[in-house]
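1. this is a predicted model, with the sequence first.
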Amino acid sequence: MATAEELLEELLEKQLELVRARKGSEREAALEERIATLEKRLEEKPKAEREEALEEITDEEYELIRQHRAAAPPPAPKAEPAPAPAPAAKRTRPGRKSGMAYEWYVDDAGKVVKTDIANIYNGADEPDEVELPDEEAA
């Protein structure tokens, strides 16, 4: 069985490791922030100045930048434009059945004309729904 001193020493070592890890992650966060700021400043410069700045970096600096970008999450995809709205559904009218009375009739252009008196339709049966011509839909 471990003595109190050994247990205390083990506990202190674990705490020291946690403190060191926390400081390391704080340093990494500060470094990430600094790199993001520098990249933002670089993007704001004209293209010629950016190319000139990139020519002046050392191989070590280039490698650090490459590693940083490889570890960074990929950029979010750009939002796609909204799809064009679907064309308005064509307006329809109920189809007529032979022998039925209707208070409207269809003229030669396909437009529905209302009447005061019901007329009996004696033509061929129509489908349950018939599309109206474009002039009527507007």
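-> Cool, the structure landed. Predicted model only: the values in this text are computed from it and were never measured.
2. buried stuff in the lengthiest strand in the chain?
-> For the chain, the strand that runs over the most residues, judged by DSSP state E, is strand 112-120. Of the residues in strand 112-120, those scored as buried under the neighbour-count criterion (16 or more other C-beta atoms under 10 Å) are Val112. In this view, the C-beta of every residue, glycine as well, is placed from N, C-alpha and C.
3. and the contacts of that strand?
-> Arg93, Gly99, Met100, Ala101, Tyr102, Glu103, Trp104, Tyr105, Val106, Asp107, Leu132, Glu136 (C-beta atoms under 8 Å, 6 or more residues apart in numbering).
4. specify which member of those is nearest to Val19.
-> Leu132 (78.3 Å; C-beta to C-beta).
5. quick check: domain ranges of the chain?
-> As recorded under automatic domain parsing, the domains making up the chain are 4-71, 92-137.
6. how about those domains, which one is nearest Ala86?
-> In this view, the domains of the chain are compared for proximity to Ala86 by C-beta to C-beta, and domain 92-137 is the closest at 14.8 Å.
7. what's downstream of the one helix or strand Leu31 maps to, the next helix or strand?
-> Assigned by DSSP states H and E, Leu31 belongs to helix 4-44. Using DSSP H and E, the helix or strand that follows helix 4-44 towards the C-terminus is helix 47-55.
8. now that following helix against helix 4-44, angle please.
-> Here the directions of helix 47-55 and helix 4-44 differ by 140 degrees (axes from the mean of the first three to the mean of the last three C-alpha atoms, to 10 degrees).
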